[in-house]
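**Student:** model this:
(chains A and B)
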2 protein chains.
Amino acid sequence: MCEKTASNKCFEGTVEQYSHQSDVLNCKMSFTVFRPASKDSSAKLPVLFFLSGLTCTDQNFITKAGAQREASKHGIVLVCPDTSPRGAGVEGEDDKYDLGTGAGFYLDATEPKWSKHYNMYSYITKELPELVHKTFGTDPQKMSIMGHSMGGMGALAIALKNPGVYQSVSVFSPIANPTAVEWGQKAFTVYLGDDKESWKAYDPCELVKKYSGPPMDILIDQGLDDEFYVGNALRPESFTNVCQEEGIQCALRLHDGYDHGYYFISTFVSDHIVHHARYLCE
Amino acid sequence: MCEKTASNKCFEGTVEQYSHQSDVLNCKMSFTVFRPASKDSSAKLPVLFFLSGLTCTDQNFITKAGAQREASKHGIVLVCPDTSPRGAGVEGEDDKYDLGTGAGFYLDATEPKWSKHYNMYSYITKELPELVHKTFGTDPQKMSIMGHSMGGMGALAIALKNPGVYQSVSVFSPIANPTAVEWGQKAFTVYLGDDKESWKAYDPCELVKKYSGPPMDILIDQGLDDEFYVGNALRPESFTNVCQEEGIQCALRLHDGYDHGYYFISTFVSDHIVHHARYLCE
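**Tutor:** Residues are numbered from 1 along each chain as shown, chains lettered A, B, ... in the order given. So this is what the prediction gives:
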């Protein structure tokens, strides 16, 4: 059960915010959805999940990216979850921007301190889609996923861990090799513990090596003036290199002058929706 | 002189924020500009001002409306000023959302308490355009103006008070007849005093009656589920009625289900840019 807390008409459809009690996160969660106008109210619409980056909520993408225009055109439902549990009450969860609140890293924590609440992987892959399909009558056979930064990591990892479940995947500026960079190492140590082997379960570069499923067609956009890319904290090339070795189709587009933020995303988001529409709306 | 405080590439151009000392407002002001990529760096680009509504800053439109896509296509510079002086120190200026900070009403205050700082009319029509042309080399002969709500009132009033200066005007959900509604009456009493005759200098419905200048072609978009429209606080029909009487071309488009917010604006903003491009980019 979820409760609608806001509704605004947008590109003939509606942007709606919902609140619900999450069983896997053990707290109240919000998510935002764009529901395109549909001529046939019984039609099961395709659904595209967007996973946001560090410090974001369910609101950033839907208010800033301008994706509704193209999603409306193709009749795709957009679902924007939050980036972590909220108000879980875990000690220290609000102390750092890249750990705890706003920084769930789309994994299931195993460390006892965090494992009761910080289970974003199960939330995004099981609880939320079930709720979405039940509430909006969307098509479980027509799901795709995209994300940005930490959410780019999440989208890649989730698509690779669930072969065939997501029809397509695309990302902006992903933390593509988290086990090799400080962001990922810090978060994985806290959420998963010191055993580095366990970290591989959420690292796209590791997951590609094990992937076995339908052919994939991955789109990555990366700004060349992105401070985190320049600082070697994202490493999309590490991912495309493994993809090439493994024979997985992955296009990395590098964009001169663009940075890590939503002005960058807004510039290329239509290309991403079109990418997904090819697989969701055939 | 103004100082660039932020710059982000967006749709091949850049979104830039500037800070400067305003002589007419007697305080430091920020504005945000979208500068489209230009093949000819010596070309004088056309410029479109967007006046925001109550509580907004120079950021709301540029982050939420998604106007850069179309502005980039037509090579139009967007300029988004703030909605009032900031930190002027006038007693009570921060007490109400619809008066003082964030609520300058695009007029020049005459009441002594406000008149040192609250001169948004002069700021928008004189100081800011001069600064913009000087800083960005834009074309003073190719200026247009648009706005939302209080900024819709401002855009209409400013275009009507300056015949021939703005090539075109368009608005979303304007406070079209401020002297007839509480918002306007309250603000005008505070800023301009009790003499209701003086209020007419900023009421679009009054200004249309006196307009004498080149033919106008005004576009108004209004959501029918806009609580302020429903509550009779906007009154676009009052404006279109006077336009009809005076023979001024004005299209009012009423949109079923849309409200007062940026999801509404984002849906129709491209139409507005196209409207202005017809006059700015011929």
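**Student:** And the strands in the stretch 51-200 of chain A, which stretches?
**Tutor:** If DSSP state E, counting those that start in this stretch is used as the criterion, the strands of the stretch 51-200 of chain A fall at A:77-81, A:143-148, A:166-172.
**Student:** between the ones you listed, which one is nearest to chain B?
**Tutor:** Closest approach to chain B among the strands of the stretch 51-200 of chain A (Cβ to the nearest Cβ): strand A:77-81, 12.8 Å. C-beta: built from backbone N, CA, C; applies to glycine.
**Student:** do you know which of the strands of the stretch 51-200 of chain A lies nearest B:Gly13?
**Tutor:** Proximity to B:Gly13 (Cβ to Cβ) singles out strand A:166-172 among the strands of the stretch 51-200 of chain A, at 18.9 Å.
**Student:** Can you tell me, leaving aside adjacent residues, what's nearest to A:Lys196?
**Tutor:** Computed as Cβ to Cβ, 6 or more residues apart in numbering or on different chains, the closest residue to A:Lys196 that is not its neighbour in sequence is A:Thr179, at 6.8 Å.
**Student:** In contact with the one you found, which residues?
**Tutor:** Going by Cβ atoms under 8 Å, 6 or more residues apart in numbering or on different chains, A:Thr179 touches A:Gln185, A:Phe188, A:Lys196, A:Trp199, A:Lys200, A:Asp203, A:Cys205, A:Glu206.
**Student:** Now do the same contact list for the residue of the stretch 101-250 of chain A found nearest chain B.
**Tutor:** The stretch 101-250 of chain A approaches chain B most closely through A:Asp225 (7.0 Å), counting by Cβ to the nearest Cβ. A:Asp225 makes contact with A:Asp256, A:Gly257, A:Tyr258, A:Asp259, B:Lys9 under the criterion Cβ under 8 Å, 6+ apart.
**Student:** Now for the nearest residue to the second one once chain neighbours are set aside, how many residues are close by?
**Tutor:** Spelled out, that is A:Gly257. Using Cβ to Cβ, 6+ apart and skipping residues adjacent in sequence, the residue nearest A:Gly257 is B:Lys9, 4.3 Å away. If you count neighbours by other Cβ atoms under 10 Å in any protein chain shown, B:Lys9 ends up with 21.
**Student:** Please compute how far the one helix or strand A:Phe264 maps to lies from its chain's middle.
**Tutor:** Here A:Phe264, judged by DSSP states H and E, is contained in helix A:262-280. Centre-to-centre, helix A:262-280 and its host chain are 14 Å apart (Cα atoms, centre = their mean, to the nearest Å).
**Student:** most tightly surrounded among the strands of the stretch 51-200 of chain A?
**Tutor:** Comparing the strands of the stretch 51-200 of chain A by mean neighbour count (mean count of other Cβ atoms under 10 Å in any protein chain shown), strand A:143-148 ranks first with a mean of 28.
**Student:** Parallel or antiparallel, which strands does it pair with?
**Tutor:** The pairing partners recorded for strand A:143-148 under DSSP bridges are strand A:47-51 (parallel), strand A:166-172 (parallel).
**Student:** Contacts only, for A:Gly147.
**Tutor:** A:Gly147 makes contact with A:Phe50, A:Leu51, A:Ser52, A:Gly53, A:Met153, A:Gly154, A:Ala155, A:Leu156, A:Val171, A:Phe172, A:Pro174, according to Cβ under 8 Å, 6+ apart.
**Student:** Which residues does it form beta bridges with?
**Tutor:** For A:Gly147, the beta-bridge partners are A:Leu51, A:Val171 (DSSP bridges).
**Student:** what do you get for A:Arg35?
**Tutor:** Going by DSSP bridges, A:Arg35 forms beta bridges with A:Thr14.
**Student:** Surely it and A:Glu12 touch.
**Tutor:** No. Contact criterion Cβ atoms under 8 Å: A:Arg35 and A:Glu12 do not qualify, at 10.2 Å.
**Student:** who has more neighbours, those two?
**Tutor:** The neighbour comparison of A:Arg35 against A:Glu12 (other Cβ under 10 Å) goes to A:Arg35, with 23 against 16.
**Student:** Surely the residue nearest to A:Gly257 is in a helix?
**Tutor:** No. Looking at B:Lys9 with DSSP: H, G, I helix; E, B strand; the rest coil, it is strand, so not inside a helix.
**Student:** quick one: stretch A:203-212 to chain centroid distance?
**Tutor:** In terms of Cα atoms, centre = their mean, the centre of stretch A:203-212 is found 17 Å from the chain centre.
**Student:** Got the phi and psi for A:Pro236?
**Tutor:** A:Pro236 adopts backbone torsions of phi -60, psi -30, taken as degrees, to the nearest 10.
**Student:** in the helix holding A:Phe264, what counts as buried?
**Tutor:** A:262-270, A:272-273, A:275-277, A:279-280 (16 or more other Cβ atoms under 10 Å in any protein chain shown).
**Student:** can you check stretch A:86-100 too?
**Tutor:** For stretch A:86-100, burial by neighbour count (16+ other Cβ under 10 Å) applies to A:Arg86, A:Ala88, A:Val90, A:Glu93, A:Leu99, A:Gly100.
**Student:** I'd assumed A:Ser238 was in contact with A:Leu252.
**Tutor:** No. Taking contacts as Cβ under 8 Å, A:Leu252 lies outside contact range of A:Ser238: 10.6 Å.
**Student:** Can you name the residues in contact with stretch A:261-274?
**Tutor:** Here stretch A:261-274 has contacts from A:48, A:60-61, A:64-67, A:69-71, A:74, A:76, A:146, A:148, A:170, A:172-173, A:219, A:221, A:223, A:226, A:253, A:255, A:258, B:8-12, B:15, B:63, B:66, B:68-69, using Cβ under 8 Å, 6+ apart.
**Student:** Okay, A:Ile218 and B:Gly213: tell me how far apart.
**Tutor:** 56 Å (Cβ to Cβ, to the nearest Å).
**Student:** neighbour count winner among these two?
**Tutor:** The residue with more neighbours, out of A:Ile218 and B:Gly213, is A:Ile218; 24 against 12, by other Cβ under 10 Å.
**Student:** ok, and the closest non-adjacent residue to the residue in the stretch 151-282 of chain A that chain B sits nearest to?
**Tutor:** For the stretch 151-282 of chain A, the residue closest to chain B is A:Tyr263, as judged by Cβ to the nearest Cβ, at 3.8 Å. Leaving aside its chain neighbours, A:Tyr263 sits nearest to B:Cys10 (3.8 Å; criterion: Cβ to Cβ, 6+ apart).
**Student:** Which residues does that neighbour form beta bridges with?
**Tutor:** B:Gly13.
**Student:** Does stretch A:210-223 reach chain B?
**Tutor:** Yes. For a cut-off given as Cβ under 8 Å from any Cβ of the partner chain, stretch A:210-223 has contacts with chain B, namely A:Gly223.
**Student:** what about that stretch, average pLDDT?
**Tutor:** Per-residue pLDDT over stretch A:210-223 has a mean of 97.
**Student:** cool, and stretch A:30-45?
**Tutor:** Mean predicted lDDT for stretch A:30-45 stands at 92.
**Student:** mind saving the C-alpha coords of that stretch as CSV?
**Tutor:** Extracted C-alpha coordinates of stretch A:30-45, given in CSV (Å, rounded to 0.1, in the frame of the first residue of the first chain):
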residue,chain,number,x,y,z
SER,A,30,9.0,8.3,-0.8
PHE,A,31,9.3,7.8,-4.5
THR,A,32,8.2,9.9,-7.5
VAL,A,33,6.7,8.6,-10.7
PHE,A,34,5.9,10.1,-14.0
ARG,A,35,2.8,8.5,-15.5
PRO,A,36,2.3,9.4,-19.2
ALA,A,37,-1.2,9.9,-20.5
SER,A,38,-2.4,6.6,-22.0
LYS,A,39,-5.2,6.3,-24.6
ASP,A,40,-5.8,2.8,-23.4
SER,A,41,-6.3,2.7,-19.7
SER,A,42,-6.0,-1.1,-19.6
ALA,A,43,-2.6,-1.1,-21.4
LYS,A,44,0.3,-2.3,-19.3
LEU,A,45,2.9,0.5,-19.8
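**Student:** what does the stretch 51-200 of chain A put close to chain B?
**Tutor:** Proximity of the stretch 51-200 of chain A to chain B (Cβ under 8 Å from any Cβ) is limited to residues A:Thr63, A:Lys64, A:Gly66, A:Gln68, A:Arg69.
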